[in-house]
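Student: how would this look folded up:
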Amino acid sequence: MPKHLDSLVKNRFIGALQAGLNVSQLPKRMTSDSPSAKNLAEKFQETGSTHHRPGSGRPTKATSHVQRSITKEATKDRRKPLADIGRSVTPIISTSTVRRVLADRGSASQERLGR
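Tutor: The predicted model follows:
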């Protein structure tokens, strides 16, 4: 299978597995390689999902508590600059992180995001 599979291909693959086909039979039918097919089947067996698992990496500064604080500050004063919101929470958060948090939580207006 290609390195990045879209959900449609993954769902077809899992559907074929559940229909009774072997993992060794699937790559021939779905134009994919055997190790990727096996890995996807194992991942589905373990987790019940084909979504990407979070990778290891640096933890975010914007914990759920900080995200709530950012949202609260932004809704309290909608004209407050993003940089000021970032400086008003602990730990201090960058403007781009504030923008991302507000976009993810749906609390920011499109003009505040500069779009």
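Student: Please point out which parts of the helix or strand containing residue 74 sit buried.
Tutor: For residue 74, the host element (DSSP states H and E) is helix 64-76. Along helix 64-76, these residues count as buried under the neighbour rule (16 or more other Cβ atoms under 10 Å): 66-67, 69-71, 73-74. All C-beta spots, glycine's among them, are computed from the backbone N, C-alpha and C.
Student: I'd like those laid out as a markdown table, including pLDDT and distance to residue 10.
Tutor: Listed next are the buried residues of helix 64-76 as a markdown table, based on pLDDT from 0 to 100; distance: Cβ to Cβ, whole Å:
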| residue | pLDDT | distance to residue 10 |
| --- | --- | --- |
| 66 | 95 | 33 |
| 67 | 95 | 30 |
| 69 | 94 | 37 |
| 70 | 95 | 34 |
| 71 | 94 | 33 |
| 73 | 93 | 39 |
| 74 | 94 | 36 |
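Student: what's the closest of the residues you listed to residue 50?
Tutor: residue 67 (27.3 Å; Cβ to Cβ).
Student: Contacts only, for that closest one.
Tutor: Taking Cβ atoms under 8 Å, 6 or more residues apart in numbering, we find residue 67 in contact with 101, 104-105.
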